[in-house]
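Peer 1: Show me how the following folds:
(one chain, ligands or ions: 1)
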Amino acid sequence: MRILITGFEPFGGEQINPSLEAVRRLESQIATAEIIKLPLPVVFQKSVEQLISAIEAEQPDAVICVGQAGGVSGITVERIAVNLMDASIADNEGYQPEDMPVLAGGPNAYFSSLPVKKIVQRIKEGGLPAFLSNSAGTYVCNNLMYGLLHHIEQNDPAVRGGFIHVPYIPEQVLDKPGKASMALDDIVRAIGIAVRAATED
Ligand code: PCA
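Peer 2: Numbering: from 1, shown residues only. Sure thing, here's the model as predicted:
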């Protein structure tokens, strides 16, 4: 089994993005799965294009995209991607869409095809906070998740795909009173647990 895992570059004035740091640190083999890692730019269109190119080149059995959700207090497993771009800040190439569809005429939403509840449960059993989320936002992460699930549905519905948001890591919140964080080692462990859960059935 081959699993493609993506992380995002830093954005929004941050020096690092814990999603990319965590993906870089993953083992290259987890349980029965060979892990293929892909860094993505925080750019609406380009991130989807680069993801789809990698899917076509690598033919993975599952795709797990990971991004930062600054302020969340646990691993946040996304259930739904919506057909909406409404950015409160510009992406890393200056694009800031407002009230626009990801895909004109596309379905309003796609559901993750990862076993989202099992992933949440397993991460909690591993002693780390994890939550099921019904909104991946309306920024680049939601856009990527929608683009991924649309591509899968159109081209290879057997592929499992979904999105996981991760908290800040402690060094990012030194000057952000009240903002939650999680140690990078714990984020790496949680993603590993998610991969194992996704390989099971
Ligand atoms: N988080 C942003 C985009 C890149 C990232 O890591 C988001 O939640 O949309």
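
Peer 1: Now the phi/psi pair for residue 160, please.
Peer 2: phi -90, psi 140 (degrees, to the nearest 10).

Peer 1: Report pLDDT for the closest residue to it other than its chain neighbours.
Peer 2: Closest residue in space to residue 160, ignoring its immediate chain neighbours: residue 62 at 4.1 Å, by Cβ to Cβ, 6 or more residues apart in numbering. For every residue, glycine as well, the C-beta is placed using N, CA and C. pLDDT for residue 62: 98.

Peer 1: Residue 62 and the ligand, how far apart?
Peer 2: Going from residue 62 to the ligand by Cβ to the nearest ligand atom, to the nearest Å gives 20 Å.

Peer 1: For that residue, list the residues it contacts.
Peer 2: 1, 3-4, 33, 114, 159-161, 198-199 (Cβ atoms under 8 Å, 6 or more residues apart in numbering).

Peer 1: any idea how far stretch 110-126 is from the chain center?
Peer 2: On the basis of Cα atoms, centre = their mean, to the nearest Å, stretch 110-126 sits 13 Å off its chain's mean C-alpha point.

Peer 1: Over to stretch 15-34?
Peer 2: So, by Cα atoms, centre = their mean, the centroid of stretch 15-34 is 12 Å from its chain's centroid.

Peer 1: Then stretch 145-159?
Peer 2: That offset, for stretch 145-159, works out to 15 Å (Cα atoms, centre = their mean).

Peer 1: Tell me which residues of it come out buried.
Peer 2: Of the residues in stretch 145-159, 145-152, 159 count as buried by neighbour count, 16 or more other Cβ atoms under 10 Å.

Peer 1: now, the most widely separated pair of the residues you listed?
Peer 2: 146 and 159 (15.2 Å; Cβ to Cβ).

Peer 1: For the residue lying closest to residue 112 once chain neighbours are set aside, which three-state class applies?
Peer 2: Excluding the flanking residues, the one nearest residue 112 by Cβ to Cβ, 6+ apart is residue 162, at 3.4 Å. Secondary structure assignment for residue 162 (DSSP: H, G, I helix; E, B strand; the rest coil): strand.

Peer 1: List the beta-bridge partners for residue 162.
Peer 2: residue 64 (DSSP bridges).

Peer 1: So it is in contact with residue 114, correct?
Peer 2: Yes - when contacts are counted by Cβ atoms under 8 Å, residue 162 is listed as touching residue 114 (3.5 Å).

Peer 1: Pull up the gap between the residue nearest to residue 160 and residue 119, please.
Peer 2: 12 Å (Cβ to Cβ, to the nearest Å).

Peer 1: shared neighbours, these two?
Peer 2: With Cβ under 8 Å, 6+ apart, residue 62 and residue 119 have common neighbours residue 198.

Peer 1: picking up where we left off before, now do the phi/psi pair for the residue nearest to residue 160.
Peer 2: Torsion angles, degrees, to the nearest 10, at residue 62: phi -150, psi 150.

Peer 1: ditto for residue 19
Peer 2: Torsion angles, degrees, to the nearest 10, at residue 19: phi -60, psi -40.
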